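Student: Give me a model of this one.
(2 chains)
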Amino acid sequence: MLRRTPLAAAVLMAGALALTACTSEPSPAPSTSAVADPNASVTVRMVAEPGNLDIRETAGAALDQLLIDNVYQGLVSRTPEQDITPALASDYEVSEDGLTYTFTLREGVVFHDGQPLTPQDVVWSLTQVRDNPSYRDAQRLAGVTSVTADGQTITVTLSQPDSSFLWNLTGRAGLVLKEGDATDRKTAANGTGPFTLSSWRQGDNVTLQRFDGYWGDPAGVAEVVFAYIPDTQAALNAALAGEVDVVTGFDANLSEQIEANGDFAVEVGASTDKATLAMNASDGPLSDVRVRQAIRQAIDHDAIVEAIGVGQTQYGPIPELDPGYEDLSDVAPHDPDAARELLAEADAEDLELTLTVPDFYGTTVSQILVSNLHDVGVTLEVEVVEFSAWLNDVYVNRDYDLSFVLHTEARDFENWADPEYYFGYDNPEVQELFAQSLAATDEDEAAELLAEAARIVSEDHAADWLYNGASVVAVGDSIAGMPTVNVNERLNLAEITKSEG
Amino acid sequence: MIRYALTRLVLLLVGLVVASVLIFATLRVLPGDIAQMIAGVGSTPEQVEAIRSRLGLDRALPLQYLDWMSGVLRGDLGTSLLTGSSVAAELAQKAQVTVPLGLLAMVIALVFSVPLGVASALRRGRADGTLITVGAQALAAVPVVWAGMMLVVVFAVWLGWLPAQGFPRAGWADPAAALRALLLPAITIGIVEGAMLLRFVRSATLQAVGQDYVRAAAAKGLTRTQALLRHGLPNVGLSVITVLGLQVAGIIVGAVVIEQLFSLPGIGRMLVVDVGQRDLPKVQGELLVLTGFVLVVGFAVDLFHRMIDPRQREAQ
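Tutor: Okay, the predicted model is just below:
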């Protein structure tokens, strides 16, 4: 029988890799005058593979990374820096009352199967998302009363102002598909983006090819291979052996090893990943706000950020990249003594809690939490579960004390205004502020209202935010144009290029 | 012999049915379901329910089992709930990686374990014989993940001779490239399995040395080694085949670990992914085929043994 001792393997491996670092031969310095090769094929290591390609029904950032912008497009899109930009619409206008959105549809856009994009395709796409509650993000278009086309002008009217509407159109809800398309969306795609989906080998890779009929600037490379390599060590090996050009989802702690021979540079960009420690306040000791505050103050957030190697602390529900961000570090600063006092006050000494964590997050964060909470007299039992079990126990049944999950979605404050969400946080004041922020027609006003609501959520100690993650990407020296900000959520590769040689 | 074969065949079929029930039942014990996986975080219970009913997961379990079995009897292993692809087709595709990997691993294991095992038995008590035995002990104790990692570091990262991971996108269209991709993973499994086999060959050889017929042959003027090679080895070979049959299961388990480590798109990796995604119809199809394969190999080894070993025939 074969044996498996991952810990021992990891320890020995670390030694072996340190050796690699010492013995690798220096490679020639990257040439600055490298010429981009339009026929190049770029291989990008990805962590998670989508289960199928149906962007209408199947959840998961893996699908967004692969298909949005690259294969499918909407009227508008967003930059890595989270700014809204025109895509299939060359231009757009919002009426002063915030109820009418007018888009000018580009001419000469064709789908990958050669059919032209018509205004009717846009009308059909948006209305069918709104009318199919089983589609993901359908509720984001719930306020749409009509979508009409007049020539190349598309008009969308809302029943009430929605400051998040344009943003929502940059996501799945706004994607434009061909009306009456017979393509099997589970295994194929027919979009308008710079790449066509050329092949999918399940459990291995998805290959995109440059679409020659693309309406905009053609993609910088002929082919992009999304290589799904979940294992970090395997990904590092593949990079060191020159088999991948870009490694996304890289472990910042391995930076020295991948940079040792000069073929790769690790780039760190901001992200909207929120490492959320959800607290189930529905009953038991966690329903006491003093206990929740004590847990937050017991946690050494700086130590967590240091252990992860990148990212920054975050003390409220909104990360720096999103509107409404505010530094809330004053709300629950690290203070074990204060934590002990709070627990004593709440009569909650010798507390025992369970932390439910999906199995793909590693053990670093859990170990720090166990140790920090042990310091103040709280015993934490870590329960590592498969994601499917997490969905069932924590997300659906809310059967948990503490749960640690990375919420990667940008602008997802709505979950704190939804008592039905697994956070179970129910504060009418926050819900009202969120509603007002949606109804605001001025961006700054909307952001201020969000900031106000976020402060309340943090002051209620509805959860803890262990850190705001970063996008860590190791980029090969022949690669240019690789996005580095928030790539865990979206990954537009139209501008990536690879130099010859 | 025919009666024996028939009895054994009935046992095989009973085994398969029992296995199918066990596979079906144990998978249903797993928490979480595919409808929730498809819908994901941010879904409403209504969305999940709609997906569940579209996939037919809201029907009674015995019905689902009977559906599955009637499909299997008609030669239909079912379809993936997630991708809608045929389980049989997926298995056939992934087998193109896993079967050559397993065979290659087995060949590698045999190539070094048989001669070294016999040699170490013949050199019992001498320094070189002890060295082989101790070496085999050490190798058999090596974690397969670690062995793989070390091989990758040396042959892929340092020397650059072989790929560190993955399988050519063109598959076996370029046999040399495909073989190169399988070499490191096969050596990894082969070393660990071979080390265990080596110890077995050694003890089987030692046993043969002590047998009367070997001693009789030696008395007729053959050296001990000659006597063993001519008369003892066929018996050793017989036992090795039995052990190889048992090792098929070990190689499949090894493939699950190794395919993960080397990112090979084979059956092992497919299983891990499908279980994670709770694509249960697909997982149960895959497990049934694998279990069936192991049972059939056991059946074949038994029959083979029976056919060539006169002592077993007489015992009946």
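Student: show me where chain B has helices.
Tutor: With DSSP state H as the criterion, chain B has helices at B:2-29, B:34-39, B:45-55, B:61-73, B:87-122, B:127-140, B:144-151, B:175-209, B:212-219, B:224-227, B:233-261, B:267-277, B:280-308, B:310-315.
Student: among the helices and strands of chain B, which has the poorest mean pLDDT?
Tutor: helix B:310-315 (a mean of 60; mean pLDDT, DSSP states H and E).
Student: For A:Asn39, give me its contacts.
Tutor: Residues in contact with A:Asn39, defined by CB atoms under 8 Å, 6 or more residues apart in numbering or on different chains, are A:221-222. Every C-beta, even on glycine, is put in place using the N, C-alpha and C of the backbone.
Student: Could you rerun that using 7 Å?
Tutor: Contact analysis of A:Asn39 by CB atoms under 7 Å, 6 or more residues apart in numbering or on different chains lists A:Ala222.
Student: Would the strand or helix carrying A:Val472 count as contacting chain B?
Tutor: Secondary structure from DSSP states H and E places A:Val472 in strand A:463-476. No. Using CB under 7 Å from any CB of the partner chain, we find that strand A:463-476 stays clear of chain B, coming within 14.7 Å at best.
Student: In this structure A:Ala149 contacts A:Leu117, no?
Tutor: No. Using CB atoms under 7 Å, A:Ala149 makes no contact with A:Leu117, being 11.6 Å away.
Student: out of those two, which sits in the more crowded spot?
Tutor: A:Leu117 (22 against 17; other CB atoms under 10 Å in any protein chain shown).
Student: Can you give me the distance of B:Thr130 to B:Phe200?
Tutor: 17 Å (CB to CB, to the nearest Å).
Student: Looking at these two, which is more packed in?
Tutor: Taking neighbours as other CB under 10 Å, B:Thr130 and B:Phe200 compare with B:Phe200 leading, 20 against 13.
Student: Isn't A:Ala494 up against A:Phe211?
Tutor: No. Contact criterion CB under 7 Å: A:Ala494 and A:Phe211 do not qualify, at 10.1 Å.
Student: shared neighbours, the two?
Tutor: With CB under 7 Å, 6+ apart, A:Ala494 and A:Phe211 have common neighbours A:Pro194.
Student: Just want the residue of chain A that's nearest chain B.
Tutor: A:Ala59 (2.2 Å; CB to the nearest CB).
Student: That residue touches B:Thr44, doesn't it?
Tutor: No. Counting by CB under 7 Å, A:Ala59 sits too far from B:Thr44 to count as a contact (11.9 Å).
Student: Which of those two has more residues huddled nearby?
Tutor: A:Ala59 (22 against 14).
Student: Now that one. Nearest residue, chain neighbours left out?
Tutor: B:Gly40 (2.2 Å; CB to CB, 6 or more residues apart in numbering or on different chains).
Student: which regions of chain B lie under the pLDDT threshold?
Tutor: Within chain B, the segments meeting pLDDT under 70 span B:310-316.
Student: I'd say A:Ile258 and A:Ala238 touch.
Tutor: No. Using CB under 7 Å, A:Ile258 is not in contact with A:Ala238; the gap is 10.6 Å.
Student: more neighbours, the two?
Tutor: The neighbour comparison of A:Ile258 against A:Ala238 (other CB under 10 Å) goes to A:Ala238, with 26 against 22.
Student: dump the residue contacts of that one.
Tutor: Neighbours of A:Ala238 in contact, by CB under 7 Å, 6+ apart: A:45, A:229, A:244, B:164-166.
Student: Kindly indicate which of these lies nearest B:Val72.
Tutor: B:Gly166 (32.7 Å; CB to CB).
Student: my guess is the closest one meets A:Gly242, correct?
Tutor: No. Under the criterion of CB under 7 Å, B:Gly166 is not in contact with A:Gly242, lying 12.0 Å apart.
Student: Compare these two (neighbour count), which wins?
Tutor: B:Gly166 (22 against 17).
Student: Identify the spatial nearest neighbour of that one, chain neighbours not counted.
Tutor: Per CB to CB, 6+ apart, closest to B:Gly166 is B:Ser263, 5.2 Å.
Student: I'd like to know how far B:Met149 sits from B:Ala138.
Tutor: For B:Met149, the distance to B:Ala138 - CB to CB - is 17 Å.
Student: Also A:Val365?
Tutor: A:Val365 is 36 Å from B:Ala138, by CB to CB.
Student: Those two: which is more packed in?
Tutor: A:Val365 (21 against 10).
Student: residues near A:Asp91, how many?
Tutor: A:Asp91: 11 neighbours (other CB under 10 Å).
Student: which residues are contacting the helix or strand hosting it?
Tutor: Secondary-structure assignment from DSSP H and E places A:Asp91 in strand A:89-94. Residues from elsewhere that reach strand A:89-94 (CB under 7 Å, 6+ apart): A:75-76, A:86, A:101-106.
Student: so what's A:Arg4 scoring on pLDDT?
Tutor: Turning to A:Arg4, the model gives it a pLDDT of 35.
Student: Name the residues of the stretch 351-500 of chain A found near chain B, please.
Tutor: Contact residues (CB under 7 Å from any CB) of the stretch 351-500 of chain A with chain B: A:386-389, A:391-393, A:395-396.
Student: The same query, at a cut-off of 6 Å, please.
Tutor: Within the stretch 351-500 of chain A, the positions near chain B by CB under 6 Å from any CB of the partner chain are A:388-389, A:391-392.
Student: Of those - the most surrounded one?
Tutor: Busiest of these [other CB under 10 Å] is A:Leu391, holding 26 neighbours.
Student: From A:His112, how far out is it?
Tutor: 33 Å.
Student: thinking again about what came up before, in the strand holding A:Asp91, which residues are buried?
Tutor: Neighbour counts using 16 or more other CB atoms under 10 Å in any protein chain shown place A:89, A:92, A:94 of strand A:89-94 among the buried residues.
Student: Same check on stretch A:440-450?
Tutor: Buried, per 16+ other CB under 10 Å, within stretch A:440-450: A:440, A:446-450.
Student: can you check stretch B:216-236 too?
Tutor: B:217-218, B:222, B:227-229, B:231-233, B:235-236.
Student: Kindly report the same for stretch B:49-65.
Tutor: Those would be B:50-52, B:55, B:57, B:64-65, for stretch B:49-65 by 16+ other CB under 10 Å.
Student: So, low pLDDT: which residues of chain A?
Tutor: In chain A (pLDDT under 70), the answer is A:1-33, A:501.
Student: pull the longest strand from it.
Tutor: For chain A, the longest strand by residue count, based on DSSP state E, is strand A:264-279.
Student: Next, the residues that contact that one from outside, please.
Tutor: With contacts defined as CB atoms under 6 Å, 6 or more residues apart in numbering or on different chains, strand A:264-279 is touched by A:255, A:258-259, A:286, A:292, A:310, A:319, A:321, A:402-408, A:410, A:423, A:463-467, A:469-476, A:484-486, A:488.
Student: and the next element down the chain from that strand?
Tutor: Once the chain leaves strand A:264-279, the next helix or strand it forms, by DSSP H and E, is helix A:289-298.
Student: counting contacts, what elements does that next one pack onto?
Tutor: helix A:336-345 (3 or more CB pairs under 6 Å, 6 or more residues apart in numbering or on different chains; DSSP states H and E).
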